[in-house]
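Chemist: below are the sequence and a predicted model for it; my questions follow.
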Amino acid sequence: MTSTTTTAKPALWVPSDWNAFFGFGTNILVNMLVLTGLLRFVLKMPDAIVFGRILPALGLMMCLSTFYYAWLAYRLAEKTGRTDVCALPSGVSVPHMFVVTFVIMLPITIKTGDPLKGWSAGLVWVFFQSFVPVNAQ
């Protein structure tokens with residue numbers, strides 16, 4: 001006797017997702033406001049760069065990464081048949097944002113007098129830091 005298992009498609013949205021949606025959305029809003037304040041008032045970054053390049057790029061990154069992680073979670077739920085799979089939230093890390101601003105970008109901005117050089121140093125730091133694996137168990 002053979003048994004066939006049918007797996008239902010994973011649910012894309014369940015009622016408890018509203019809580020996560022508003023919680024995550026509020027967190028993202030606060031993080032972006034703090035980042036904007038750090039860039040404008042601590043690093044004295046020109047508004048054209050902050051609002052014309054940095055924040056749009058951040059928004060695009062968050063959108064793409066959120067959809068990518070959601071797709072990965074959906075595939076895992078399909079493959080395993082589990083109903084408790086959740087996508088990894090993506091966004092700006094607050095502790096990392098302060099470390100990069102005050103330890104990397106601000107000293108270079110003060111030394112050179114150019115906030116764009118500080119921003120460039122921050123980007124280089126984040127690029128190299130992305131190769132360091134973090135095992136959060």
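Modeler: Nice, thanks for sending it over. What you see is a predicted model, and the numbers here were worked out from it, not measured in a lab.

Chemist: residue contacts, S93?
Modeler: By Cβ atoms under 8 Å, 6 or more residues apart in numbering, the contact set of S93 is empty. Using the backbone N, CA and C atoms, a C-beta is placed for each residue, glycine as well.

Chemist: how far away is it from L116?
Modeler: 22 Å (Cβ to Cβ, to the nearest Å).

Chemist: repeat that for L76.
Modeler: With Cβ to Cβ as the criterion, L76 and L116 are 41 Å apart.

Chemist: mind listing the helices for the protein?
Modeler: In chain order, the chain shows helices spanning 17-37, 47-49, 55-80, 94-99, 106-112, 115-129, with DSSP state H as the criterion.

Chemist: dead centre of the chain: give me the residue that sits there.
Modeler: When the chain is reduced to its mean C-alpha position, the closest residue under Cα atoms, centre = their mean turns out to be G91, at 1.7 Å.

Chemist: model confidence for it, exactly?
Modeler: Looking at G91, its pLDDT is 78.

Chemist: leaving out sequence neighbours, find the closest residue to K9.
Modeler: Once flanking residues are discounted, K9 sits nearest to E78: 7.3 Å by Cβ to Cβ, 6 or more residues apart in numbering.
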